[in-house]
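I would like to see how this sequence folds:
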Amino acid sequence: MKGIRTLEAPKLLGIIWPFVAVVIFQVLLGSLSLYTLSAVRAYVAGESLWSKAQKDAIYYLNLYAESPSERIFQRYRQAIAVPQGDHELRLALDQLNPDLDAARAGILQGGNHPDDVTRIIWFYRNFRHISYMETAISYWDIGDDYLRQLDILANEMRTGFASGQPDPEQISAWKARIVNINEGVTPAAKAFSDALGEGSRVLLKVLLITNLLTALFLITMAWRRSSKLLAQRQAFASALQAERERAQITLESIGDAVITADVEGNIVFMNPAAEQLTHWQAGPAHGLPLTALFSLVDEHSDEDARSLVEQVLSGSLKGGAEHARLIQRLDGSTVSINLVGSPIISAGKVSGIVLVLHDMTQERQYIANLSWQATHDALTGLANRREFEYRLEQALNSLARQAGRHSLMFLDLDQFKLVNDTCGHAAGDELLRHICAVLQSGLREGDTLARLGGDEFGVLLENCPAEQAERIAEHLRQLVQSLHFVWKGRPFITTVSIGLVHMAQAPSTLEASLRAADMACYMAKEKGRNRVQVYHADDSELSMRFGEMAWIQRLHVALEENRFCLYAQEIAPLSYQEGPGHIEILLRLHDESGRTVMPDSFIPAAERYGLMTALDRWVVRNVFQIIRQCLDEDRGGPLAMCAINLSGSSIGDDKFLEYLQRLFGEFDIPPRLICFEITETSAIANLGSAIRFINELKGLGCRFSLDDFCAGMSSFAYLKHLPVDFLKIDGSFVKDMLDDPINRAMVEVINHIGHVMGKRTIAEFVETPLIEQALQEIGVDYAQGYLIERPQVFTCDSLQRQRIAARPLLQRAPGTFR
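Take a look at the predicted model:
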């Protein structure tokens, strides 16, 4: 790199910049020195004005004592105004935030020239704490103190003369005080002047020495720079020669063939790469025409009639563009090259041409390999997802042009993760290779088998009738099932779930076709795996799954746009002994058009695709916000307890438990106001987690209710392990209990066992007065349903406990029930 920089011709700025820097720096330093000396001069002038003014003030005040004339007193005021202005200057600049306007006014009042104002302020602010300046200011302060005494005396004398002619003794006392002040201020003024003079002389010496040292430094720097430039200049000629030799070595070393020729096309120079490419040695080839080495052939059989030299001189082979060519050597062999040619210009005339030929054989092989890798899976050698989607889209486009019969399969290996987890990824990779070979053997020539990722495969059957496609799918399933894969003595059973879509019956877009095949495969897995599921547009199960998948995106958007809302439904006590009731919080959704959507429409999708915990978090946070608002409003009277439904996924999530604990601290909600409802099935499915979850929150003071009790199969066996406070009798027993004695017996049994275990019972679906009366007779504690109250928007009014009163046992007149 140093050699390269040596060959660069010195530029004017590179030569003269040290000298320019010397001049500029010296000018700046000189200007600063002059400015500083000017400021010192302004202070000296100000000191002279201050001294003269204080002497004049003493003189005129003494004269005023002898001849009390208003004119003489005004002369005194004019004289004393000068040191007072200087005093105001110092007070303005000594503030924490200097008052520059007041400082300027003080300077002008002190009699200084307006051009000196800025310099005086600058010098004071920057040199205030220099020793000489501090000494001068201390004497200035002493002088100002004497002058304040003098001004006080002047005002006293004026008041005395104004009230009548004072006696001679009073006048003598005043004159004596004037003499004392004069004797005090004169030494202070002289000391101030001496300190300022000494400081100015020292500053002059410092500036002089600084200027001399700076000049010596800059001269030294310029001298060193000049010496370096001279040394660089001396090395330029030898460096140029070294560069020429380096260029020659480079030409001999580079992998591209370089050939130079004169304007007639006769060879002048060839590097070793050119010798290897043309199969000619440089010595024998010297002076021969270029056509003796090779002939140029256009790859597209579009030969240029011009000679190679003419093409170079015309500029059609300039660098910056790809000029792919074929050259044919004398032995008849051909090689693909990239050709660049330029004329050699010397003294403004063309003296020859230079050709650079790059052998493209390896590059073309690399491109072919990269193209293959971009469209194929590295492990199995099958087409990858990108290539598969491209071929599928081509097939769909052909269907749009003319009728055809194509089929699409989505294959997912069953329990493939078991192989990876137990034997490692090497075993999994080997199994995938075996699977690919088996699948390939079961397809027709021309069918596309692709690995879409992991253990998922896609098959495109073009021009294949539906019946044949289903036979091929079943055949593939059987082939995979019959594969006996053994890894290190351990056998594995392999099966595959296949989703088959006849594309003439499926949606016509790429995304919809893949989604249909994926959903069909998903259904095959749900139905027990190791089977073929054919997609049908009118399949109710598939339609339901499509609907659930569509809900997922809608739920995400609804959460982002905060389109959920909360409703509350009263749970009323059926006897006065139970005290006040509480409310259950219900979730609703406002869709894109503003209509209210019931939870039955979106909860199944949220449960299947893992969104329930996010919904539970939204519900809990918003319930806590409303309770906090009600507590802050303090409407009087206690608030009702809120029952919040939680999903099974939230119960088993430790992070959700931590989230609840943080919310109690964040909103400062009394835990006694919260009751969490969990379903019997979710509690039993996560029994250990449910018990720990309940115990943690009951320790804070929360209550728990077990929802849909007896909807499962083992309710009573697990009930004694769940420390809940309420049992909600499933509404399927309650709503038909008057017509079905078995359902009534179930309600009685659940109520009795709940009471034996010390739990309160709640009956759901209470919709008629007769059902309510029957529940009261059985002894059920609480009732919930449309008879009690229809769900209403959850507000602070919903939380007023006094409105949730016990319902009397006696039947009321028609029309009195809600």
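
Give the buried residues for stretch 768-785.
By neighbour count with 16 or more other C-beta atoms under 10 Å, stretch 768-785 contains the buried residues 771-776, 778, 780-785. All C-beta spots, glycine's among them, are computed from the backbone N, C-alpha and C.

Tell me the one of these nearest residue 368?
residue 784 (72.7 Å; C-beta to C-beta).

count of residues packed around the closest residue in space to that closest one that isn't next to it in sequence?
Among residues not flanking residue 784 along the chain, residue 571 sits closest, at 4.6 Å (C-beta to C-beta, 6 or more residues apart in numbering). Applying other C-beta atoms under 10 Å, we find 28 residues neighbouring residue 571.

Wait, a helix at residue 571?
No. Residue 571 sits outside any helix when classified using DSSP: H, G, I helix; E, B strand; the rest coil, being strand.

was I right about it contacting residue 586?
No. In this structure residue 571 lies outside contact range of residue 586 using C-beta atoms under 8 Å: 11.7 Å.

mind listing what residue 374 touches?
Neighbour list for residue 374: residue 386 [criterion: C-beta atoms under 8 Å, 6 or more residues apart in numbering].

Give me the distance between it and residue 470.
Note on residue 374: its distance to residue 470, by C-beta to C-beta, to the nearest Å, is 33 Å.

Have a look at the chain and report its longest strand.
Across the chain, the strand with the greatest residue count (assigned by DSSP state E) is strand 334-346.

Show me what whatever helix or strand comes next after that strand packs onto, helices and strands only.
Following strand 334-346 in sequence order, the next helix or strand is strand 349-359 (DSSP states H and E). The contact analysis (3 or more C-beta pairs under 8 Å, 6 or more residues apart in numbering; DSSP states H and E) places strand 349-359 against strand 257-261, helix 272-278, helix 308-314, strand 334-346.

Neighbouring strands - and their directions - for strand 349-359?
strand 257-261 (antiparallel), strand 334-346 (antiparallel) (DSSP bridges).

Doesn't residue 21 belong to a strand?
No. Per three-state DSSP, residue 21 lies outside any strand segment and is helix.

State the number of residues packed around the nearest residue in space to it that is not next to it in sequence.
Computed as C-beta to C-beta, 6+ apart, the closest residue to residue 21 that is not its neighbour in sequence is residue 218, at 7.1 Å. Other residues near residue 218 come to 19 when the count uses other C-beta under 10 Å.

Remind me which helix or strand residue 218 belongs to.
Per DSSP H and E, residue 218 falls inside helix 168-253.

What's the mean pLDDT across that helix?
Averaging pLDDT along helix 168-253 gives 75.

what angle sits between that helix and strand 257-261?
Here helix 168-253 points in a direction 80 degrees away from that of strand 257-261 (axes from the mean of the first three to the mean of the last three C-alpha atoms, to 10 degrees).

start at 26 instead
Right, with 26 as the first residue, what we last looked at is helix 193-278.

which helices and strands sit right next to helix 193-278?
Identification of packing neighbours for helix 193-278 by 3+ C-beta pairs under 8 Å, 6+ apart yields helix 27-31, helix 37-91, helix 156-187.

Looks like residue 322 contacts residue 357 (just checking).
No. The pair residue 322 / residue 357 is not scored as a contact, 11.6 Å apart, by C-beta under 8 Å.

domains for this structure, by residue range?
The chain breaks down by automatic domain parsing into domains covering 44-245, 281-390, 401-562, 576-828.

Throw these into JSON lines and include distance to residue 261, thanks.
Formatted as JSON lines, those follow (distance: least, C-beta to C-beta, whole Å):
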{"stretch": "domain 44-245", "distance to residue 261": "21"}
{"stretch": "domain 281-390", "distance to residue 261": "21"}
{"stretch": "domain 401-562", "distance to residue 261": "55"}
{"stretch": "domain 576-828", "distance to residue 261": "68"}
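
Now do stretch 595-615, average pLDDT.
Averaged across stretch 595-615, pLDDT comes to 87.

CA-only coordinates of that stretch in PDB, if you can.
Output in PDB follows, covering the C-alpha atoms of stretch 595-615 (Å, rounded to 0.1, in the frame of the first residue of the first chain):
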ATOM      1  CA  GLU A 595     -75.900 -12.200  37.400                       C
ATOM      2  CA  ILE A 596     -75.500 -15.300  39.600                       C
ATOM      3  CA  ALA A 597     -78.200 -14.800  42.200                       C
ATOM      4  CA  PRO A 598     -78.600 -16.600  45.600                       C
ATOM      5  CA  LEU A 599     -81.700 -18.800  45.900                       C
ATOM      6  CA  SER A 600     -82.100 -18.300  49.700                       C
ATOM      7  CA  TYR A 601     -81.400 -15.400  52.100                       C
ATOM      8  CA  GLN A 602     -79.000 -17.600  54.000                       C
ATOM      9  CA  GLU A 603     -76.500 -17.500  51.200                       C
ATOM     10  CA  GLY A 604     -76.000 -13.700  51.300                       C
ATOM     11  CA  PRO A 605     -75.400 -11.600  48.100                       C
ATOM     12  CA  GLY A 606     -74.700 -13.200  44.800                       C
ATOM     13  CA  HIS A 607     -72.000 -12.400  42.200                       C
ATOM     14  CA  ILE A 608     -71.600 -12.000  38.400                       C
ATOM     15  CA  GLU A 609     -69.900 -14.000  35.700                       C
ATOM     16  CA  ILE A 610     -67.800 -12.100  33.100                       C
ATOM     17  CA  LEU A 611     -68.600 -13.100  29.500                       C
ATOM     18  CA  LEU A 612     -66.600 -12.400  26.300                       C
ATOM     19  CA  ARG A 613     -68.000 -11.000  23.100                       C
ATOM     20  CA  LEU A 614     -66.400  -9.800  19.800                       C
ATOM     21  CA  HIS A 615     -67.400  -7.000  17.600                       C
END
